[in-house]
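Asks: fold the stuff below for me.
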Amino acid sequence: MSKSGSGNIKLSQSHISEMVKVLPPSGIRKFFDLLSSIEGVISLGVGEPDYVTPWHICEAAIFSLEKGYTMYTSNKGTPELRAELSKDLYSRFGLDYNTDDELLITVGVSEGLDLTMRAILNPGDEVIMPDPCYVAYPASASLAGGVPVRIPTTEENNFEITAADIEPRITPRTKAILIGYPANPTGAVLSKQGLIEIAELAKRHDLLVISDEIYGRLVYGVEHTCLATLPGMKDRTVLLNGFSKAYAMTGWRIGYAASSKEIIGAMTKIHQYTIMCAPTMAQMAALEALKVDDDEVEEMVRDYDRRRRIIVKGFRDIGLSCFEPKGAFYAFPSIKVTGMTSEEFAEKLLWEEKVAVVPGTAFGQCGEGYLRCCYATALPDIEEALKRMGRFVKKHSKK
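Replies: Residues are numbered from 1 along each chain as shown. I've put the predicted structure just below:
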């Protein structure tokens, strides 16, 4: 009940946006809510490094507080951070982005994705994306008035979206293709040739490509190809990335978008009204992260690779087939042998064995029969979770 003036107003569903009413809640958060009520749970659900942010990065933020750097920055981010980011993108990929009008510092990749959708979409415009995919992809398109067009991917095709899959689904309303490789939730990595074919398709049909590359530095035995480096794709690509995964800075909420002057200008206009600027202290920390060498990141990747191999083998040993992830820090085992749905398996596993995972259906219909399991957690916890899951599978297997 809410009071306004002298009368009481009873709020109802009629006061809520129709778009928000039909928007499904995040399937990930549902299990986190359950998790908080159960003691002794091992969580393979959170997509977050178990590493803490390196201390020298934290010190940079602390120093900024000590020096009184607590005011707003430029809407696009501090000139120093954008300049260093421009150097980093040139050093890694040979990409030359103008610091004044082709880079925007955002509150994580999540804000960058939201800004992109609102900047490019008119009501009814379509965005093609894979299924399964990160939960925010279809939601961000819908909230911007667009229509997500989901393309099924399967374990048999390595959960890769292809140009051949995309082309038949292009219509006069198609505005963009949204891809995220290395992929959350599958750990799939799209080959350079596959990306070249998608790029050629985008140019042929005059489409934008939104490329979420937040896991780009977390690859194992393969190379990550930055989509914007492909011929003719720099201005046609909205490159989204950030500091959360590679630098263990999830809670800092700091990311960036890189694209043409026109697209970044449109995104900045929305950013000015909704956010103003990314947190000053987080920007100072990100600046420090870009200035250090890669040793810490490479050490973390080697550790994730070790956990990756252990968890994939562990799932196979307990009778669950498991696609071998080549990037990010997720395994996507099949639980079809049990005959349960993904949600049923995840709920029963949580209550019976106190292991938290995310049902594959949280990421789309093609996730049915799978679980997302994050191996960015301590190895002893991974090993104990595998033991518990082994008992659970043995109990519930239909074979």
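Asks: what's the longest helix in the protein?
Replies: helix 295-317 (DSSP state H).
Asks: can you give me the buried ones in that helix?
Replies: Neighbour-count burial for helix 295-317, counted by 16 or more other CB atoms under 10 Å, picks out Glu296, Val297, Met300, Val301, Tyr304, Asp305, Arg307, Arg308, Ile311, Val312, Gly314, Phe315. All C-beta spots, glycine's among them, are computed from the backbone N, C-alpha and C.
Asks: for stretch 271-278, same thing?
Replies: Within stretch 271-278, judged by 16+ other CB under 10 Å, the buried ones are His271, Cys277, Ala278.
Asks: and the end-to-end length of that stretch?
Replies: 9 Å (CA to CA, to the nearest Å).
Asks: identify the residues contacting Arg92.
Replies: Cys226 (CB atoms under 8 Å, 6 or more residues apart in numbering).
Asks: what about 10 Å?
Replies: Residues near Arg92 by CB atoms under 10 Å, 6 or more residues apart in numbering: Gly216, Arg217, His224, Cys226, Thr229, Asp294.
Asks: over to Thr377?
Replies: Ile42, Ser43, Leu44, Gly45, Val46, Glu48, Pro49, Asp50, Arg307, Ile311, Phe329, Ala385 are the contacts of Thr377 under CB under 10 Å, 6+ apart.
Asks: at 6 Å what do you get?
Replies: Shown in contact with Thr377 (CB atoms under 6 Å, 6 or more residues apart in numbering): Asp50.
Asks: swap in Met284?
Replies: Ala60, Ala61, Ser64.
Asks: domain boundaries for this protein, per the record?
Replies: Listed domain ranges for the chain are 17-46+296-396, 56-291 (source: automatic domain parsing).
Asks: so for Lys10, which of these sits nearest?
Replies: Nearest to Lys10 among those is domain 17-46+296-396; the distance by CB to CB comes to 17.7 Å.
Asks: quick one: Ile151 and Ala164 touch, right?
Replies: No: applying CB atoms under 6 Å as the test, Ile151 and Ala164 come out as separate, 10.3 Å apart.
Asks: the two - which one has more neighbours?
Replies: Ile151 (18 against 10; other CB atoms under 10 Å).
Asks: the more buried one falls within a strand, correct?
Replies: Yes: counting by DSSP: H, G, I helix; E, B strand; the rest coil, Ile151 is found in a strand.
Asks: pull the number of nearby residues for the residue nearest to Lys326 when sequence neighbours are not counted.
Replies: Closest residue in space to Lys326, ignoring its immediate chain neighbours: Val189 at 4.1 Å, by CB to CB, 6 or more residues apart in numbering. By the criterion of other CB under 10 Å, Val189 has 26 neighbours.
Asks: make TSV out of the buried residues of helix 295-317 and add pLDDT and distance to Tyr247.
Replies: Below are the buried residues of helix 295-317 laid out as TSV (pLDDT from 0 to 100; distance: CB to CB, whole Å):
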residue	pLDDT	distance to Tyr247
Glu296	87	8
Val297	91	7
Met300	94	9
Val301	96	12
Tyr304	97	14
Asp305	98	18
Arg307	97	18
Arg308	98	19
Ile311	98	23
Val312	98	25
Gly314	98	28
Phe315	98	28
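Asks: where in the protein is pLDDT low?
Replies: By pLDDT under 70, the low-scoring segments of the chain are 1-9, 27-37, 398-399.
Asks: tally up the residues packed near Glu352, please.
Replies: 13.
Asks: same deal with Leu81?
Replies: 27.
Asks: would you confirm that Val238 contacts Thr116?
Replies: Yes: Val238 lies in contact with Thr116 (CB under 6 Å); the separation is 5.0 Å.
Asks: would you list every one of the helices in the stretch 151-300 of the chain?
Replies: With helices called from DSSP state H, counting those that start in this stretch, the stretch 151-300 of the chain shows them at 163-166, 192-204, 261-274, 280-291, 295-317.
Asks: nearest to Tyr137, of these?
Replies: Here helix 163-166 is closest among these (CB to CB), at 14.7 Å.
Asks: for the residue lying closest to Arg150 once chain neighbours are set aside, give me its contacts.
Replies: Closest residue in space to Arg150, ignoring its immediate chain neighbours: Asp131 at 3.9 Å, by CB to CB, 6+ apart. Taking CB under 6 Å, 6+ apart, we find Asp131 in contact with Arg150, Pro152, Gly364, Cys366.
Asks: go through those and say which is closest to Met249.
Replies: Gly364 (27.5 Å).
Asks: shouldn't that closest one be in contact with Met129?
Replies: No: with contact defined as CB under 6 Å, Gly364 does not reach Met129; the gap is 9.0 Å.
Asks: residues in contact with the longest helix of the chain?
Replies: 51, 54, 218, 220, 246, 322, 324, 329, 331, 333, 375, 379, 382, 386.
Asks: in ChimeraX, how would I select the buried members of those residues?
Replies: In ChimeraX, a selection of the buried entries from the contacts of helix 295-317 looks like this (16+ other CB under 10 Å):
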select :54,218,220,246,322,324,329,331,333,375,382,386
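Asks: would you format the contacts of helix 295-317 as CSV with secondary structure and distance to Lys348 included?
Replies: Converted to CSV, the contacts of helix 295-317 look like this (DSSP: H, G, I helix; E, B strand; the rest coil; distance: CB to CB, whole Å):
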residue, secondary structure, distance to Lys348
Tyr51, coil, 31
Pro54, coil, 39
Leu218, coil, 31
Tyr220, coil, 31
Ala246, coil, 35
Cys322, strand, 19
Glu324, coil, 26
Phe329, coil, 25
Ala331, strand, 19
Pro333, strand, 15
Tyr375, coil, 22
Leu379, helix, 25
Ile382, helix, 20
Leu386, helix, 17
